[in-house]
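Enquirer: Structure of the sequence below:
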Amino acid sequence: MAGHNKWSKVKRLKAVTDARRGRIFSRLAREITLAAKNGGGIPGANARLRTLVLKAREANMPADNVDRAIKKGTGELPGVAYEEITYEAYGPGGVAFVVKVATDNKQRAAQEVRSLFTRWGGHLAISGAVAFQFLHAGQFLIAREQTTEEALMEVALEAGADDVIASEQGFELRCDLHIFDKVAHALEEKGIKPASGEIAYIPTIIVPVKDAAHAQALEKLHDALDEFEDVQQVFSNEEAAE
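Expert: Next comes the predicted model:
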């Protein structure tokens, strides 16, 4: 279970099975469509789109799929109108969750997310009931072989990022969500390739997993959310456990 352990999450995503690859492509396509709709279909002029296109390339998503997703966003091809929704919830043991969804059916998405939390010992919460336990910010994870702490600090300062946090596994760079694209572009210009880059909900309050039963329920809930195609991102604040 990755929990709030950001590097465990990256390792889990890299170990993609064929069964999950299709879901990852679907989620990337939705994100790309929304990015193109909101900021235009030219990656060079839309930093968020450029970041997603690079992410799709790293996931070995076919170029034709990427092109179709962009054209659906710009209206050059007919496509489903997706809406982004953020749900706040509590899972087993009082663990806080933020679930981001992109859907063409708000009612279906709400019913399914509610059902999954209920099934695994949790419940949806009202807006604001959970979000205060997270920092909503841009987050980049960068492996040590990509750069040095000094070089990364220089890039961060020039781009206006807030913090660089070093660990044995690498560096975590945080920035205000409104300059995420600027920081992504600054890293790209320096040839620094993040292992992960996203607008994240970073836990500021950590909830320890109480026992094996809670750990198993949380694992099942994470897996169930991962299986639901409308779910784009899941953030939670349990203490990480393997």
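Enquirer: Scan this structure for its longest strand.
Expert: strand 134-143 (DSSP state E).
Enquirer: buried residues in it?
Expert: Neighbour-count burial for strand 134-143, counted by 16 or more other C-beta atoms under 10 Å, picks out 134, 137, 138, 139, 140, 141, 142, 143. Where you see a C-beta, it was placed from the backbone N, CA and C, and this is true even at glycine.
Enquirer: quick one, helices of this protein?
Expert: Per DSSP state H, the chain carries helices over the ranges 6-14, 18-39, 47-58, 63-74, 106-119, 149-159, 180-189, 212-227.
Enquirer: Quick check: residue 81 vs residue 134, distance?
Expert: 28 Å (C-beta to C-beta, to the nearest Å).
Enquirer: ah, wrong one, I meant residue 54
Expert: If you go by C-beta to C-beta, the gap between residue 54 and residue 134 works out to 26 Å.
Enquirer: and what of residue 45?
Expert: 31 Å.
Enquirer: Quick check, residue 199 in contact with residue 138.
Expert: Yes: at 5.8 Å, residue 199 and residue 138 qualify as touching, with contact defined as C-beta atoms under 8 Å.
Enquirer: can you tell me which of the buried residues of strand 134-143 lies nearest to residue 149?
Expert: residue 142 (10.0 Å; C-beta to C-beta).
Enquirer: Which residue is the nearest non-sequential neighbour of that closest one?
Expert: residue 171 (4.6 Å; C-beta to C-beta, 6 or more residues apart in numbering).
Enquirer: Dig out what that neighbour forms beta bridges with.
Expert: Residues in a beta bridge with residue 171, per DSSP bridges, are residue 142, residue 166.
Enquirer: Can you tell me the centre-most residue of this protein?
Expert: For the chain, residue 233 is the residue whose C-alpha lies nearest the centre (C-alpha atoms, centre = their mean; 4.5 Å).
Enquirer: Pull the contacting residues for the nearest residue to it once chain neighbours are set aside.
Expert: With C-beta to C-beta, 6+ apart as the measure, residue 100 is the residue that lies nearest to residue 233, at 4.3 Å, once sequence neighbours are left out. Taking C-beta atoms under 8 Å, 6 or more residues apart in numbering, we find residue 100 in contact with 84, 85, 86, 87, 231, 232, 233, 234.
Enquirer: now do residue 90
Expert: 96, 97, 117, 122, 123, 125, 130.
Enquirer: do residue 191 as well
Expert: If a contact means C-beta under 8 Å, 6+ apart, then residue 191 has no contacts.
Enquirer: any idea how far it is from residue 142?
Expert: Distance, residue 191 to residue 142, using C-beta to C-beta: 12 Å.
Enquirer: ok, and the closest non-adjacent residue to residue 134?
Expert: residue 201 is the one closest to residue 134 (C-beta to C-beta, 6+ apart), at 3.9 Å.
Enquirer: How many neighbouring residues does that neighbour have?
Expert: Counted with other C-beta atoms under 10 Å, the neighbours of residue 201 add up to 27.
Enquirer: just residue 186 next, same as before
Expert: Count around residue 186 with other C-beta under 10 Å applied: 20.
Enquirer: what do you get for residue 81?
Expert: By other C-beta under 10 Å, 8 other residues sit near residue 81.
Enquirer: Next up, the contacts around the residue nearest to it when sequence neighbours are not counted.
Expert: Using C-beta to C-beta, 6+ apart and skipping the chain neighbours, the partner closest in space to residue 81 is residue 104 (6.2 Å). Neighbouring residues of residue 104 by C-beta under 8 Å, 6+ apart: 80, 81, 82, 83.
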